[in-house]
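Enquirer: Turn this into a model:
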Amino acid sequence: MPFLRGADSDASAIDGMPPETLTRLVEAAREVTLCARVLAKTGDTVLSEAMQDAVPPFVPWQHHPPGDVYDSEYHAQFYFHAHPESELVGEEVGHFHTFMRPLGMPDGVTPAPLPDLQPDVDGNGALSHLVGISVDGMGRVTRLFTTNRWVTGETWYAAEDVVRMLEGFQIDHARPSWPLNRWITAMVSLYRHEIAELLRERDATVARWQAAHPGSYVYEDRALEVTSERLVDVEGRVQELERALRRRNRRRSAAADPA
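Expert: Modelled structure (predicted):
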């Protein structure tokens, strides 16, 4: 699958997608748009929904909502937090971290056999980070990124295994915010192909870093934090997908009625 770069996405690449893939992406795009629209009607955003518990001044690193959001059926999890202002990227005010826990992972997925791998005592503790989603002060997504292991304290899984987890990411309950939960589920679906590329880049970055720093243990090396990232334009992506769907429908109509 070709990599699509948000506003720089290649229309021909989208047109070349299998129909079921395009349909799934359009559905995700519409869900993202719907959630943003219904929140905007009351002056809210995904950022304000995530920060319902917060009282200014905001505390860097603090998880919002407290205790994270965890779906006990799908075993998907996320939280929002902000870094100190000096560490923020561009217009970012903070970001969501998304995860999958073992009970929600596909069959056959196991942690990478690293020398410091710890046993998963309760069978659901060895969670995997999927992707970070940065937002600006209006709740608009600015970038997607992956991180080194130490950043989130995750258990490390090979990129291809994490890619397999993406399809199962779903937050399907109402609290703390139904539109926020639906939005973040749809975002992972909308950018699944980009996230897969970022995860593969993550593993390549880690391998290069270890080769260049043989005296360090790369997964705990604080000098390596972000392992891959992409700027994204959600509105541009949504518009391009809708245009691609209209082009496909016109072709179908023409084929059905050649006269």
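Enquirer: For the rest of this, base every contact and every neighbour count on C-alpha atoms.
Expert: Fine.
Enquirer: Helices of the stretch 1-150 of the chain, start to end?
Expert: In the stretch 1-150 of the chain, the helices defined using DSSP state H, counting those that start in this stretch lie at 11-15, 19-40, 46-50, 149-152.
Enquirer: low pLDDT regions in the stretch 51-200 of the chain?
Expert: Scanning the stretch 51-200 of the chain for pLDDT under 70 picks out the ranges 56-57.
Enquirer: Kindly recompute the last result at 50.
Expert: Residues of the stretch 51-200 of the chain meeting the criterion pLDDT under 50: none.
Enquirer: out of the helices of the stretch 1-150 of the chain, deepest packed?
Expert: Highest mean neighbour count among the helices of the stretch 1-150 of the chain (mean count of other Cα atoms under 10 Å): helix 46-50, with a mean of 20.
Enquirer: what comes into contact with that helix?
Expert: Under the contact criterion Cα atoms under 8 Å, 6 or more residues apart in numbering, helix 46-50 has outside partners 36, 39, 64-65, 79-80, 135, 137-139, 176-177, 179-180, 183.
Enquirer: Narrow those residues to those that are buried.
Expert: Among these, those buried by neighbour count (16 or more other Cα atoms under 10 Å) are 36, 39, 64-65, 79-80, 135, 139, 179-180, 183.
Enquirer: before we move on, back to that, can you tell me which of the contacts of helix 46-50 comes closest to Phe99?
Expert: For those, the minimum distance to Phe99 (Cα to Cα) is 9.1 Å, reached by Tyr79.
Enquirer: Around the nearest residue to the closest one once chain neighbours are set aside, count how many other residues there are.
Expert: Using Cα to Cα, 6 or more residues apart in numbering and skipping residues adjacent in sequence, the residue nearest Tyr79 is Asp68, 4.9 Å away. Asp68 has 14 neighbours, counted by other Cα atoms under 10 Å.
Enquirer: Phe78 is in contact with Asp68, correct?
Expert: Yes - judged on Cα atoms under 8 Å, Asp68 makes contact with Phe78 at a distance of 5.9 Å.
Enquirer: what angle do the helix or strand harbouring Arg252 and helix 19-40 make?
Expert: Under the criterion of DSSP states H and E, Arg252 resides in helix 234-256. Relative orientation of helix 234-256 with respect to helix 19-40: 140 degrees, computed using axes from the mean of the first three to the mean of the last three Cα atoms, to 10 degrees.
Enquirer: Contact partners for the residue nearest to Tyr79?
Expert: Counting by Cα under 8 Å, 6+ apart, Asp68 touches 77-79.
Enquirer: hang on, the earlier thing: so which of the contacts of helix 46-50 sit within strands?
Expert: 64-65, 79-80, 135 (DSSP state E).
Enquirer: one step back: export the helices of the stretch 1-150 of the chain to TSV and append columns for distance to Ile195.
Expert: Shown next, in TSV, are those (distance: least, Cα to Cα, whole Å):
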stretch	distance to Ile195
helix 11-15	16
helix 19-40	14
helix 46-50	20
helix 149-152	17
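Enquirer: Looking at these, spot the one closest to Ala244.
Expert: helix 11-15 (6.0 Å).
Enquirer: quick one: Ser228 is in a strand?
Expert: Yes - assessed with DSSP: H, G, I helix; E, B strand; the rest coil, Ser228 lies in a strand.
Enquirer: who's it bridged to?
Expert: Bridge pairing for Ser228 (DSSP bridges) gives the partners Thr146.
Enquirer: Hmm, His63 is touching Phe80, no?
Expert: Yes - counting by Cα under 8 Å, His63 does reach Phe80; the two are 5.8 Å apart.
Enquirer: all helices for the stretch 151-259 of the chain, in order.
Expert: Using DSSP H, counting those that start in this stretch, helices in the stretch 151-259 of the chain cover 159-166, 178-190, 192-212, 234-256.
Enquirer: Would you mind getting the angle between the third one and helix 159-166?
Expert: Using the same axes, to 10 degrees, the direction of helix 192-212 lies 150 degrees away from that of helix 159-166.
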